[in-house]
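Asks: Test case, fold it:
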Amino acid sequence: MNRKVLVLNQDFSPISVCTVQRAFLLTYLKKTELVEAANGYKLNSVSRSFPMPSVIRLTRYVNIPYKGVALTRLNVFKRDNFSCQYCGTDRDLTLDHVLPRSRGGRSLWNNLVTACKRCNARKGDNTPDEAGTPLRIKPFRPNYVMFLRDFSGFHCDEWKPYLNGRKI
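Replies: So this is what the prediction gives:
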């Protein structure tokens, strides 16, 4: 049971992803309500059967300040689909600064890409244009909903209406 559950605020805006066990407990304690059940899946106890949650909604609105995606090594790898942005391989991955740090490049979403060690060494202290190694995709800063939808590692049809636009 490694499924994930999308957690919505009271206004149906996505705020996080949790495990099925946590979602069931929150629903059982009346802190959330079941919005969408996972098709065909049930949670069974000794005497009862419950629908397995896929999308739950908080019963009270929670004011959440800016919800952004943390700039971490793993999140950059997820954004870049765990592949080198120069040659496409998925082996020996590391991070590369598009504009090298020695030339004023900073560790920002739009300056970091996933690169294999070979391409990173070949590029060296140059920009991709100078090294003749063009980027496959221009680096970007993912927003939170995009990150939940595309990079959470779990895709579920029941989530689509809530991540692509509000469903009320």
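
Asks: so where's the protein shaky on pLDDT?
Replies: In the predicted model of the chain, residues 1, 149-155, 164-168 satisfy pLDDT under 70.

Asks: One more pass at 90, please.
Replies: Scanning the chain for pLDDT under 90 picks out 1-4, 13-18, 38-41, 45, 64-70, 142-168.

Asks: Which neighbours in the sheet does the top strand by length along it have, and how are they oriented?
Replies: Of all segments of type strand in the chain, defined using DSSP state E, the longest is strand 32-44. Note on strand 32-44: by DSSP bridges, its sheet partners are strand 49-58 (antiparallel).

Asks: Could you name the helices and strands sitting against the helix or strand following the partner strand?
Replies: Following strand 49-58 in sequence order, the next helix or strand is helix 73-79 (DSSP states H and E). Using 3 or more Cβ pairs under 8 Å, 6 or more residues apart in numbering; DSSP states H and E, the elements in contact with helix 73-79 are strand 93-97, strand 112-116, helix 144-151. Where you see a C-beta, it was placed from the backbone N, CA and C, and this is true even at glycine.

Asks: now those as a markdown table including mean neighbour count and distance to residue 79?
Replies: Compiled in a markdown table, the helices and strands packed on helix 73-79 are given as follows (neighbours: other Cβ atoms under 10 Å; distance: least, Cβ to Cβ, whole Å):
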| stretch | mean neighbour count | distance to residue 79 |
| --- | --- | --- |
| strand 93-97 | 19 | 11 |
| strand 112-116 | 24 | 8 |
| helix 144-151 | 17 | 6 |
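
Asks: And the longest strand of the chain, what's buried?
Replies: 32, 34, 35, 36, 38, 43 (16 or more other Cβ atoms under 10 Å).

Asks: what's across from the fourth one in the sheet?
Replies: Put plainly, it is residue 36. Beta-bridge pairing for residue 36 (DSSP bridges): residue 55.

Asks: Many thanks, we can stop here.
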